[in-house]
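> After the sequence you'll find the predicted model.
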Amino acid sequence: MTSTQLETRRTSLLILAALAALMLLTRTHNFMLGGLLPDASWAVFLLGGFFLKQFRYLAALGALAWLIDVAVTVRTPAAAYCFSPAYVALVASWVLLWSAGRFSNNLFSGSLAWLKLPLLPIAGVCAAYLVSNLGFYALSGNFAGMSLAEYAGRVARYFDGFLFTSLGYFLLGVAIAPAIAKLVEQARSALKH
(Lines give C-alpha, C1' and ligand atoms only; values in the text may rest on other atoms or scores of the structure.)
Protein backbone atom coordinates (compact mmCIF):
# COMPACT_ATOMS: atom_id res chain seq x y z
CA MET A 1 0.00 0.00 0.00
CA THR A 2 1.44 3.37 -1.00
CA SER A 3 1.67 6.27 1.43
CA THR A 4 -1.10 8.08 -0.48
CA GLN A 5 -3.39 5.05 -0.21
CA LEU A 6 -2.58 4.72 3.47
CA GLU A 7 -3.34 8.39 4.05
CA THR A 8 -6.65 8.08 2.15
CA ARG A 9 -7.58 5.05 4.23
CA ARG A 10 -6.76 6.85 7.49
CA THR A 11 -8.81 9.84 6.41
CA SER A 12 -11.75 7.59 5.50
CA LEU A 13 -11.59 5.84 8.87
CA LEU A 14 -11.45 9.18 10.67
CA ILE A 15 -14.54 10.38 8.77
CA LEU A 16 -16.28 7.07 9.50
CA ALA A 17 -15.49 7.45 13.21
CA ALA A 18 -16.80 11.02 13.26
CA LEU A 19 -20.03 10.01 11.51
CA ALA A 20 -20.48 7.04 13.85
CA ALA A 21 -19.99 9.34 16.85
CA LEU A 22 -22.57 11.77 15.47
CA MET A 23 -25.05 8.93 15.03
CA LEU A 24 -24.37 7.58 18.51
CA LEU A 25 -24.88 11.01 20.06
CA THR A 26 -28.08 11.90 18.25
CA ARG A 27 -30.00 8.82 17.13
CA THR A 28 -33.55 8.80 18.45
CA HIS A 29 -33.86 7.69 22.07
CA ASN A 30 -30.10 7.78 22.50
CA PHE A 31 -28.52 7.01 25.82
CA MET A 32 -26.11 9.93 26.08
CA LEU A 33 -27.78 13.24 25.31
CA GLY A 34 -31.39 12.22 25.89
CA GLY A 35 -32.64 13.83 22.70
CA LEU A 36 -31.04 17.25 23.16
CA LEU A 37 -29.87 17.22 19.54
CA PRO A 38 -32.05 16.22 16.60
CA ASP A 39 -31.39 12.78 15.16
CA ALA A 40 -28.59 13.08 12.58
CA SER A 41 -28.89 9.53 11.23
CA TRP A 42 -30.18 10.46 7.79
CA ALA A 43 -27.58 13.20 7.45
CA VAL A 44 -24.90 10.69 8.48
CA PHE A 45 -25.83 8.58 5.46
CA LEU A 46 -25.85 11.66 3.20
CA LEU A 47 -22.45 12.76 4.53
CA GLY A 48 -21.08 9.23 4.30
CA GLY A 49 -22.00 9.05 0.64
CA PHE A 50 -20.56 12.51 0.05
CA PHE A 51 -17.20 11.92 1.73
CA LEU A 52 -16.67 8.15 1.79
CA LYS A 53 -18.51 6.96 -1.32
CA GLN A 54 -17.64 3.26 -0.92
CA PHE A 55 -20.55 1.03 0.03
CA ARG A 56 -18.56 -0.86 2.66
CA TYR A 57 -18.77 2.27 4.81
CA LEU A 58 -22.53 2.36 4.20
CA ALA A 59 -22.69 -1.20 5.52
CA ALA A 60 -20.70 -0.21 8.63
CA LEU A 61 -22.96 2.75 9.39
CA GLY A 62 -26.07 0.69 8.63
CA ALA A 63 -24.91 -1.98 11.06
CA LEU A 64 -24.34 0.70 13.69
CA ALA A 65 -27.82 2.14 13.16
CA TRP A 66 -29.30 -1.36 13.47
CA LEU A 67 -27.33 -2.03 16.68
CA ILE A 68 -28.55 1.24 18.15
CA ASP A 69 -32.12 0.25 17.30
CA VAL A 70 -31.61 -3.14 18.95
CA ALA A 71 -30.23 -1.42 22.07
CA VAL A 72 -33.21 0.92 22.17
CA THR A 73 -35.58 -2.04 21.85
CA VAL A 74 -33.86 -3.84 24.73
CA ARG A 75 -34.08 -0.71 26.85
CA THR A 76 -37.60 0.23 25.72
CA PRO A 77 -39.56 -2.87 24.63
CA ALA A 78 -42.38 -0.71 23.23
CA ALA A 79 -39.96 0.36 20.48
CA ALA A 80 -39.98 -3.20 19.11
CA TYR A 81 -42.73 -2.23 16.65
CA CYS A 82 -39.89 -0.91 14.45
CA PHE A 83 -38.58 -4.43 13.97
CA SER A 84 -40.78 -5.99 11.36
CA PRO A 85 -40.34 -6.93 7.72
CA ALA A 86 -40.67 -3.16 7.09
CA TYR A 87 -37.14 -2.62 8.42
CA VAL A 88 -35.92 -3.52 4.93
CA ALA A 89 -37.54 -0.30 3.68
CA LEU A 90 -35.46 1.66 6.18
CA VAL A 91 -32.32 -0.02 4.85
CA ALA A 92 -33.40 0.93 1.31
CA SER A 93 -33.80 4.51 2.55
CA TRP A 94 -30.23 4.52 3.84
CA VAL A 95 -29.03 3.41 0.39
CA LEU A 96 -31.02 6.21 -1.24
CA LEU A 97 -29.53 8.77 1.15
CA TRP A 98 -26.01 7.44 0.64
CA SER A 99 -26.44 7.59 -3.14
CA ALA A 100 -27.76 11.14 -2.98
CA GLY A 101 -24.74 12.21 -0.94
CA ARG A 102 -22.37 10.37 -3.23
CA PHE A 103 -23.70 11.93 -6.40
CA SER A 104 -24.04 15.39 -4.86
CA ASN A 105 -20.27 15.39 -4.41
CA ASN A 106 -20.05 15.51 -8.21
CA LEU A 107 -22.19 18.66 -8.25
CA PHE A 108 -19.99 20.38 -5.69
CA SER A 109 -17.70 22.08 -8.15
CA GLY A 110 -17.73 24.98 -10.53
CA SER A 111 -19.92 28.01 -10.40
CA LEU A 112 -22.88 28.09 -8.06
CA ALA A 113 -21.58 25.00 -6.22
CA TRP A 114 -23.28 25.90 -2.92
CA LEU A 115 -26.57 26.51 -4.70
CA LYS A 116 -26.42 23.13 -6.48
CA LEU A 117 -25.18 21.17 -3.47
CA PRO A 118 -28.55 20.69 -1.69
CA LEU A 119 -30.42 19.47 -4.79
CA LEU A 120 -29.64 15.76 -4.58
CA PRO A 121 -29.77 15.58 -0.77
CA ILE A 122 -33.26 17.12 -0.91
CA ALA A 123 -34.31 14.55 -3.54
CA GLY A 124 -32.67 11.80 -1.48
CA VAL A 125 -34.52 12.76 1.70
CA CYS A 126 -37.81 12.94 -0.23
CA ALA A 127 -37.25 9.50 -1.75
CA ALA A 128 -36.05 8.00 1.55
CA TYR A 129 -39.06 9.39 3.40
CA LEU A 130 -41.42 7.99 0.81
CA VAL A 131 -39.77 4.54 0.73
CA SER A 132 -39.44 4.20 4.51
CA ASN A 133 -43.02 5.27 5.19
CA LEU A 134 -44.63 3.30 2.37
CA GLY A 135 -42.58 0.29 3.43
CA PHE A 136 -43.67 0.69 7.04
CA TYR A 137 -47.30 1.04 5.98
CA ALA A 138 -47.20 -1.97 3.65
CA LEU A 139 -44.92 -4.36 5.53
CA SER A 140 -45.15 -3.69 9.26
CA GLY A 141 -48.59 -5.22 9.77
CA ASN A 142 -49.60 -2.29 12.00
CA PHE A 143 -52.06 -0.54 9.67
CA ALA A 144 -54.57 -3.13 8.51
CA GLY A 145 -57.54 -0.91 9.38
CA MET A 146 -56.10 2.36 8.07
CA SER A 147 -56.26 3.63 4.50
CA LEU A 148 -53.09 4.76 2.76
CA ALA A 149 -54.51 8.29 2.52
CA GLU A 150 -55.11 8.42 6.28
CA TYR A 151 -51.63 7.06 6.97
CA ALA A 152 -50.06 9.57 4.56
CA GLY A 153 -51.87 12.39 6.34
CA ARG A 154 -50.53 11.24 9.70
CA VAL A 155 -46.89 10.93 8.62
CA ALA A 156 -46.77 13.97 6.32
CA ARG A 157 -46.47 16.33 9.28
CA TYR A 158 -43.06 14.87 10.16
CA PHE A 159 -41.54 15.33 6.71
CA ASP A 160 -40.28 18.88 7.17
CA GLY A 161 -38.43 17.87 10.33
CA PHE A 162 -36.66 15.05 8.48
CA LEU A 163 -35.86 17.30 5.54
CA PHE A 164 -34.56 20.34 7.41
CA THR A 165 -32.66 18.36 10.05
CA SER A 166 -30.97 16.16 7.45
CA LEU A 167 -30.18 19.05 5.14
CA GLY A 168 -28.94 21.24 8.00
CA TYR A 169 -26.52 18.62 9.32
CA PHE A 170 -25.41 17.80 5.77
CA LEU A 171 -24.64 21.39 4.81
CA LEU A 172 -22.94 22.06 8.14
CA GLY A 173 -20.81 18.94 7.71
CA VAL A 174 -19.74 19.90 4.19
CA ALA A 175 -19.03 23.47 5.32
CA ILE A 176 -16.85 22.58 8.32
CA ALA A 177 -15.04 19.60 6.75
CA PRO A 178 -12.24 21.70 5.20
CA ALA A 179 -11.49 23.39 8.55
CA ILE A 180 -11.44 20.03 10.34
CA ALA A 181 -9.17 18.57 7.65
CA LYS A 182 -6.79 21.49 8.08
CA LEU A 183 -6.68 20.98 11.87
CA VAL A 184 -6.03 17.26 11.44
CA GLU A 185 -3.23 17.97 8.96
CA GLN A 186 -1.65 20.49 11.34
CA ALA A 187 -1.81 17.96 14.17
CA ARG A 188 -0.18 15.30 11.98
CA SER A 189 2.54 17.73 10.96
CA ALA A 190 3.21 18.66 14.57
CA LEU A 191 3.48 14.98 15.53
CA LYS A 192 5.99 14.32 12.74
CA HIS A 193 8.31 17.11 13.93
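Received it, and whenever you're ready, just let me know what you need. All values reported here derive from a predicted model rather than from experimental measurement.

> Report whether the expected contact of G62 with W94 is present.
Yes: between G62 and W94 there is a contact under Cβ atoms under 8 Å: 5.4 Å. The C-beta positions use only the backbone N, C-alpha and C, and glycine is treated the same way.

> Between those two, which has more neighbouring residues?
More neighbours surround W94 than the other of G62 and W94, with 25 against 18 (other Cβ atoms under 10 Å).

> quick one: that one and E185, what's the gap?
Using Cβ to Cβ, to the nearest Å, W94 is found at 30 Å from E185.

> likewise S84?
Taking Cβ to Cβ, one finds S84 at 46 Å from E185.

> So these two - more neighbours on which side?
Neighbour comparison, S84 and E185: the larger count goes to S84, with 15 against 11 (by other Cβ under 10 Å).

> Distance check, that one against S111.
For S84, the distance to S111 - Cβ to Cβ - is 47 Å.

> repeat for M146
48 Å.

> Between those two, which is the more surrounded one?
Neighbours per residue (other Cβ under 10 Å) separate M146 from S111, with M146 holding more: 13 against 6.

> By mean pLDDT, flag the weakest helix or strand of the chain.
In the chain, no helix or strand scores lower on mean pLDDT, DSSP states H and E than helix 113-116, which sits at a mean of 80.

> how far does that helix sit from the chain's center?
Helix 113-116 has its C-alpha centroid displaced from the chain centroid by 20 Å (Cα atoms, centre = their mean, to the nearest Å).

> Skip ahead from that helix and say which helix or strand is next.
Next helix or strand after helix 113-116 toward the C-terminus (DSSP states H and E): helix 119-139.

> No further questions, thank you.
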